[in-house]
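Novice: sequence first, then the predicted structure, then my questions.
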Number of protein chains: 2
Amino acid sequence: MAKVKGLRCRECGRDYPVEPIHVCEFCFGPLEVVYDYEEIRKRVSREKIENGPKSLWRYVDLLPVENPTVGLTAGFTPLKKAEKLGEVLGLRNLYIKDDSVNHPTLSFKDRVVSVAISKAREFGFDTAACASTGNLANSVAAHCAQAGLNCFVFIPANLETQKIYGSLVFNPTVVAVEGTYDDVNRLCSEIANDLGWAFVNINIRPYYAEGSKTLAYEVVEQLGWKAPDAVVAPAASGSLYTKIWKGLKEMKEVGLIDSVNTRMYGAQAEGCSPIAQAWREGRDFIKPVKPDTIAKSIAIGNPADGIYALQTTKESNGDWETATDREIIEAMKLLAQTEGIFTETAGGTTIAVLKKLAQKGAFDPDEVVVAYITGNGYKTLEVLDGHLSEPVRIQATLRDFKEKVLAKV
Amino acid sequence: MAKVKGLRCRECGRDYPVEPIHVCEFCFGPLEVVYDYEEIRKRVSREKIENGPKSLWRYVDLLPVENPTVGLTAGFTPLKKAEKLGEVLGLRNLYIKDDSVNHPTLSFKDRVVSVAISKAREFGFDTAACASTGNLANSVAAHCAQAGLNCFVFIPANLETQKIYGSLVFNPTVVAVEGTYDDVNRLCSEIANDLGWAFVNINIRPYYAEGSKTLAYEVVEQLGWKAPDAVVAPAASGSLYTKIWKGLKEMKEVGLIDSVNTRMYGAQAEGCSPIAQAWREGRDFIKPVKPDTIAKSIAIGNPADGIYALQTTKESNGDWETATDREIIEAMKLLAQTEGIFTETAGGTTIAVLKKLAQKGAFDPDEVVVAYITGNGYKTLEVLDGHLSEPVRIQATLRDFKEKVLAKV
């Protein structure tokens, strides 16, 4: 028996075989991987998982890959009990799932990309690609290097070159496209159709997106095989947020845990919050917005999984909150200064929203709350310009130190 | 019985109690932690360690800390089988120990600092400090934030501010000292004496340095409880290199492994290679040099543990090699493009030296060789200026893509 039954359209329910396709031919709905949970139930056990590899591949039985060959160290990141931040927020059981130290390129993208590139290899592709300016490009370039696949990274031409060193070092072909990010994406869809390359977040998307489920699996295992009471996760396309929920439900489905009563809270930047806006206004559809926020890694104005994210919120009794740019920076500093974790703007958005939710009483003080930190602050230092204290300048003498520093702290 | 007997002078052998001191009062030799290995032998087992925390603290029985309270997620980084790089170098069992994804600040310093700050707390210090411009400062600032200790970071005043954002975000007091790096260090020693603060690499150094032993322990466990045949590690002060060797020998001493026949190879940048030069010239003393290399994170001209590093090389039948700045950059790209790991210049030095050693036949092709990658390339992108390929610029059309990109790859 196979663990994966096939793909299914999320809209009309039509079934498709396991192929590099992502859209229903009839209704244009997105395709999703469908599993045989009876079969998986026979394969998995807590013990087998605990003795598995120290990476997300300990959950291979719940992923659409038969033979993982790439990203073998991805995932399995720390879940840190956040005592000090919890004290500030009045939460006694707050945890940070810390993908800022994910392997090898320091964001949760290493999860989805290791699944996508492993799958692309199973499909027999020799070339993988993506459109991205940041974390996704870094991760695709790194995993293609590991896999020995040809790699193409498409970026808007107006990007400064140093921003892409973290991709270029892996030696992909970087194509700088004149136009907006939307123009770049449109061209990528054309190329995917025309050349049949593996675009990780286009034709490989159904498999790629499943990698985010491991963010749920790992947390449940790290909590001693219990689902958290509440989760706060950032949303760009809405995929990560919905897949965490899918992952939690699957763990119950296959008998790894007995119950899931997790409330799913979504975090968006005020300057790009189409899902949060729809939720607030009680809509079941998304109105696209034009992003205007420093949180560029989650600034998707027309989120592909927005409506499924809204369904997740409803199903789980969750909620949405947003954070301004100023709140995002303050939250980055708060997380750094309480827990020693330096995240980027998406993580700042999550912590700012966590704080707002805590302040409005969304959590009981004893509840187990998990906040997902998805990227690393060392990659985008420039957002901190003007937001940090200045060094104190002194001469190299003990006396000057005492006068100018010690006397003032 | 206590696992730690005390401190002992490496030169004259005089014993000292467990206190925040680092230099022998009689001969000015460095002090080192001495253990009761009989006692530790009773405490440790492979099984106990395997069931321990998923951090370097699974080895607490071999560390000079009673009650770890800081850096609880540090260490336990991946050991990656380097198939593709191994193929290039003719090594069938090459492994990368990847501290570029160490928690929380992406370098091996998170190991030594988590031990140092935990120990500083045990001693009752309320203030910790260091002189550093890079990885050490990041890690000290992060761990002090976690611990709730006051933190002072001393830097040379001519450093660009953005270089220290990765420390400032954790809100230490940053003191910019007019003068060279040596002036900064001298001032720090004065302050350590005068104020009794915990300078992690001055008065806390004997404990701090022990954290590097976990680089040996983890590799042995990850190899299935076997010591590697050869190790390549970078050397700045020489401490990390000598402590890996100490760690390997200790594992045999306490019965975790049966034998250690590891050859210890040291890597330095050509522009700052006082230990390698001494080795080449058959000296048992170090002549200080003035650093002139892009590998700033390992550019120590007068290495404190240089002579002990030389002893380690002799004892283990090892060797030293150096790499030019150009070779360092090329090796960073080689590692990225074969293994998908983006390291900084210290890692580039290690890989360049690994390559030279492989080319001159230092390793049997089937030997288990471990190269230590100690830091992350995303922190110092600027060293790649002028060393990477340029993006190809196109219009946002399939036709332009085919003409300008596809036709040329």
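Specialist: Yes, it's here.
Novice: can we go C-alpha only for contacts and neighbour counts from here?
Specialist: Noted.
Novice: quick one: neighbours of the residue of the stretch 201-350 of chain A found nearest chain B, just the number.
Specialist: When scored by C-alpha to the nearest C-alpha, the stretch 201-350 of chain A has residue A:340 as its residue closest to chain B, at 4.2 Å. By other C-alpha atoms under 10 Å in any protein chain shown, 29 other residues sit near residue A:340.
Novice: now do the same contact list for the closest residue to it other than its chain neighbours.
Specialist: Distance criterion C-alpha to C-alpha, 6 or more residues apart in numbering or on different chains; nearest residue to residue A:340, sequence neighbours excluded, is residue B:142 at 4.2 Å. Applying C-alpha atoms under 8 Å, 6 or more residues apart in numbering or on different chains, we find residue B:142 in contact with A:336-337, A:339-341, B:104-105, B:167, B:170.
Novice: go again using 10 Å as the cut-off
Specialist: A:336-342, B:70-71, B:104-105, B:110, B:113-114, B:136, B:148, B:151, B:166-172 (C-alpha atoms under 10 Å, 6 or more residues apart in numbering or on different chains).
Novice: still on that earlier bit, how close does the residue of the stretch 201-350 of chain A closest to chain B sit to residue B:30?
Specialist: Per C-alpha to C-alpha, to the nearest Å, residue A:340 is found 31 Å from residue B:30.
Novice: could you do residue A:123 as well?
Specialist: 59 Å.
Novice: isn't the residue of the stretch 201-350 of chain A closest to chain B right up against residue B:104?
Specialist: Yes. The criterion here is C-alpha atoms under 10 Å, and residue A:340 meets it with residue B:104 at 7.0 Å.
Novice: shared neighbours, the two?
Specialist: Counting by C-alpha under 10 Å, 6+ apart, the residues touching both residue A:340 and residue B:104 are B:71, B:138-139, B:142-143.
Novice: ok, those residues vs chain A, which is closest?
Specialist: residue B:142 (4.2 Å).
Novice: any idea how far that closest one is from residue B:152?
Specialist: 12 Å.
Novice: shared neighbours, the two?
Specialist: B:171-172.
Novice: how close does the residue in the stretch 1-150 of chain A positioned nearest to chain B sit to residue B:239?
Specialist: For the stretch 1-150 of chain A and chain B, the shortest gap (C-alpha to the nearest C-alpha) falls at residue A:142, measuring 4.2 Å. With the distance defined as C-alpha to C-alpha, residue A:142 ends up 31 Å from residue B:239.
Novice: do residue A:177 as well
Specialist: 48 Å.
Novice: and chain B, is the helix or strand bottoming out on mean pLDDT in chain A touching that?
Specialist: Across the helices and strands of chain A, the lowest-confidence element by mean pLDDT, DSSP states H and E is helix A:181-195, at a mean of 90. Yes. Helix A:181-195 reaches chain B (C-alpha under 10 Å from any C-alpha of the partner chain) through A:183-188, A:190-191, A:194.
Novice: strands along the stretch 251-400 of chain A, start to end?
Specialist: Secondary structure of the stretch 251-400 of chain A (DSSP state E, counting those that start in this stretch): strands located at A:263-269, A:319-323, A:368-373, A:392-394.
Novice: would you turn those into a markdown table with mean neighbour count?
Specialist: Shown next, in a markdown table, are these (neighbours: other C-alpha atoms under 10 Å in any protein chain shown):
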| stretch | mean neighbour count |
| --- | --- |
| strand A:263-269 | 28 |
| strand A:319-323 | 25 |
| strand A:368-373 | 24 |
| strand A:392-394 | 18 |
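Novice: chain B contacts on the stretch 301-409 of chain A?
Specialist: Remark: the part of the stretch 301-409 of chain A in contact with chain B comprises A:332-343, A:376-382, A:384-385, A:387-398, A:400-402, A:404-405, A:409, using C-alpha under 10 Å from any C-alpha.
Novice: relative to residue A:77, how far out is the most centrally placed residue in chain A?
Specialist: Centroid check for chain A by C-alpha atoms, centre = their mean gives residue A:108 as the closest residue, at 4.6 Å. For residue A:108, the distance to residue A:77 equals 10 Å [C-alpha to C-alpha].
Novice: overlap of the contact sets of the two?
Specialist: In contact with both residue A:108 and residue A:77: A:98-102, A:215, using C-alpha under 10 Å, 6+ apart.
Novice: just the ones of the residues you listed in helices?
Specialist: Within these, residues falling in helices by DSSP state H are residue A:215.
Novice: of the shared contacts of residue A:108 and residue A:77, list those near chain B.
Specialist: Among the shared contacts of residue A:108 and residue A:77, proximity to chain B is found for A:98, A:100-102 (C-alpha under 10 Å from any C-alpha).
Novice: any chance of JSON lines for those, columns pLDDT and neighbour count?
Specialist: What follows is these, written out as JSON lines (pLDDT from 0 to 100; neighbours: other C-alpha atoms under 10 Å in any protein chain shown):
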{"residue": "A:98", "pLDDT": "98", "neighbour count": "30"}
{"residue": "A:100", "pLDDT": "98", "neighbour count": "29"}
{"residue": "A:101", "pLDDT": "98", "neighbour count": "30"}
{"residue": "A:102", "pLDDT": "98", "neighbour count": "26"}
